[in-house]
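# Here's a sequence, model it:
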Amino acid sequence: MNGRQAFILFDANNFYVSAERVWRPELENKPVVVAGSGDGCVISRSNEAKELGIKMSEPVHLVRQEHWRSGVIICSANFPLYGDLSSRMMRSIATLAPSILTYSIDEAFVFAHGMSDEQLHQLTMQIRDRVLAWTGLATGAGVGPTPTLAKLGSYGAKRVLKTGYCNLMSPIDRDQLLALTPVGEVWGIGAATASRLTGMGVTTAAEFAMLPKHIVEREFPITVRRTQLELNGVCAVDLKGNDGPREMINVGRTFGSRIDTLDSLTAALVEFASLAASRLRKQGSAASAMRVYARTSPYDNKDAPYAKSITVPFSQPASDVRIFARAAAQAARTIFRSGVRFSKAGVLLMGVQPASAMSQQDLFGYDTGLQDRLMSTLDEINSRFGRGTVKLGRTIVAGGWKPRSDNLSPAYSCRLSDLKVVF
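Numbers count the residues shown, from 1 in each chain. The predicted structure is shown next:
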């Protein structure tokens, strides 16, 4: 047993809904959905909501119209609250795990190499119990000799066995679950690849695992071949978390109500540029260009559709929010058109590179040392006292561009004033 590899994937059940229920127990056993930014589409569903036939990404206004008789409860996404609970979940797992890799907001891989099946089961149950006791979150767990099989085990724990635990270390158990799993449910097989495989007569994970090597290599990218190797027990995926630097940073929002003035559009775009700049500096990067875009709603039948984007290159890579704000304001003047009612806008930072990387300096450019010190001070203040404590004056403009969040829960664990009071 000492030489075998073992991975355990812990996955919180219906994470966003579960996070709401931790602080709002009155939501238990009721159909609940969490709406994404701007209350646009469903991003999480309780089991009761799934039984009503509510789909992921379904427009919230349709859910409200079609299921109001069933008493569906709609919650606006509260990402600061979810992020805090995710951090608590990961810290709880880390108290018992030999080694942990946070993969997403609700998923973590535990490296448990060299353990017997009994030890794996004992460790998994201890971690699940501790996470439930310390955070209130129920989790499922999949165990396998590769990350892909651990992910498949998590699927089996929730959708097939429905016990919250599935161990695929045994080839016999592995083959049985592969035969029951649609190929589209395999981690690493996207919708387009699944469609192509189905056209080739491959409908289950077992059939995909047995597909001849030369066919997979001829018809698909190397990543699909690696997924096949993983299903056969060979580690071929370079497991990485979600903390690596991004090559592009996008910040965009659907507005709470349509905006039709230049000042409101400018304020929104400058705000998005500020958020993007903050994320850029947090990963120690600088951007070479910024794309600014805005459009009308595709569901608005009253007015002609309108969409436009502007790409603004910088003379040298930058991370200064003031540079991004000026670029966003200039682009807003170009994009804006009188009489157009905008429903969404955003900025995309491109050409992202490490801030320490050598680049051609502009002879008439700005003082990067002074800029870095100013931005560090800005980030430190906002980190200590809360995001938005210090911000650009251009963003302080009245208007309805803020994303809609009609059913937002208090930030119970993130804001002192929102703490629950117990009598």
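
# What is the neighbour count of Gly339?
8 (other CB atoms under 10 Å). The way it works is simple: take the backbone N, C-alpha and C, and place the C-beta from them, glycine included.

# what residue ranges in this protein score low on pLDDT?
1-2, 240-244, 357-375, 378-379, 381-405, 423 (pLDDT under 70).

# Look through this protein and tell me its longest helix.
helix 262-282 (DSSP state H).

# next structured bit after that helix?
strand 285-295 (DSSP states H and E).

# What is that following strand packed up against?
helix 262-282, strand 307-318, helix 321-335, strand 342-350, strand 353-354 (3 or more CB pairs under 8 Å, 6 or more residues apart in numbering; DSSP states H and E).

# Leu416: which of those is closest?
The closest of the helices and strands packed on strand 285-295 to Leu416 is helix 262-282. By CB to CB, the value is 22.6 Å.

# I'd say Asn167 and His121 touch.
Yes. Asn167 is within contact range of His121, at 6.9 Å (criterion: CB atoms under 8 Å).

# I figured Ser70 hits Leu52, correct?
Yes. With contacts counted by CB under 8 Å, Ser70 reaches Leu52, the gap being 5.5 Å.

# intersection of neighbour lists for these two?
Pro31 (CB atoms under 8 Å, 6 or more residues apart in numbering).

# Go through stretch 71-78 and flag the buried ones.
Val72, Ile73, Ile74, Cys75, Ser76, Ala77, Asn78 (16 or more other CB atoms under 10 Å).

# again with stretch 160-180
Of the residues in stretch 160-180, those buried (16+ other CB under 10 Å) are Gly164, Tyr165, Cys166, Asn167, Leu168, Met169, Asp173, Arg174, Leu177, Leu178.

# likewise stretch 3-19?
For stretch 3-19, by 16+ other CB under 10 Å, it's 5-19.

# Taking the residues you listed together, which two end up most distant?
Maximum distance among these (CB to CB): 33.4 Å, for Gln5 and Val17.

# hang on, the earlier thing: among the buried residues of stretch 160-180, which lie within helices?
Asp173, Arg174, Leu177, Leu178.

# Enumerate every residue touching the third one.
Leu177 is in contact with Leu152, Gly153, Gly156, Val160, Cys166, Leu168, Ala205, counting by CB under 8 Å, 6+ apart.

# rerun at 10 Å
Shown in contact with Leu177 (CB atoms under 10 Å, 6 or more residues apart in numbering): 142, 144, 149, 152-153, 155-156, 160-161, 166, 168, 205-206.

# distance of it from Gly184?
15 Å (CB to CB, to the nearest Å).

# following the helix or strand hosting Val17, which helix or strand comes up?
Take DSSP H and E as the rule and Val17 turns out to sit in helix 15-23. Remark: after helix 15-23, the chain's next helix or strand is strand 32-35, criterion DSSP H and E.

# Flag every buried residue along that following strand.
For strand 32-35, using 16+ other CB under 10 Å, the buried residues are Val32, Val33, Val34, Ala35.

# Then stretch 256-264?
Neighbour-count burial for stretch 256-264 [16+ other CB under 10 Å]: Gly256, Arg258, Ile259, Ser264.

# what's the span of it from first residue to last?
Terminal residues of stretch 256-264 lie 12 Å apart, using CA to CA, to the nearest Å.

# That one: how far from the chain's middle?
Remark: stretch 256-264 is offset 27 Å from the chain centroid, using CA atoms, centre = their mean, to the nearest Å.

# What of stretch 55-71?
For stretch 55-71 - counting by CA atoms, centre = their mean - the centre lies 22 Å from the chain centre.

# how far does it stretch from start to finish?
Per CA to CA, stretch 55-71 runs 16 Å from first to last residue.

# which parts of it are buried?
Under 16+ other CB under 10 Å, the buried positions of stretch 55-71 are Glu58, Val60, Val63, His67.

# and the two most separated of those residues?
Val60 and His67 (10.7 Å).

# Residues that sit against both of these two, list them.
With CB under 10 Å, 6+ apart, Val60 and His67 have common neighbours Val33, Ile74.

# All the strands of the stretch 1-150 of the chain, residue numbers only.
7-12, 32-35, 42-45, 73-76, 100-104, 107-111, 139-144 (DSSP state E, counting those that start in this stretch).

# Would you reformat those strands as a markdown table and include distance to Glu219?
Listed next are the strands of the stretch 1-150 of the chain as a markdown table, based on distance: least, CB to CB, whole Å:
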| stretch | distance to Glu219 |
| --- | --- |
| strand 7-12 | 28 |
| strand 32-35 | 38 |
| strand 42-45 | 33 |
| strand 73-76 | 43 |
| strand 100-104 | 28 |
| strand 107-111 | 29 |
| strand 139-144 | 26 |
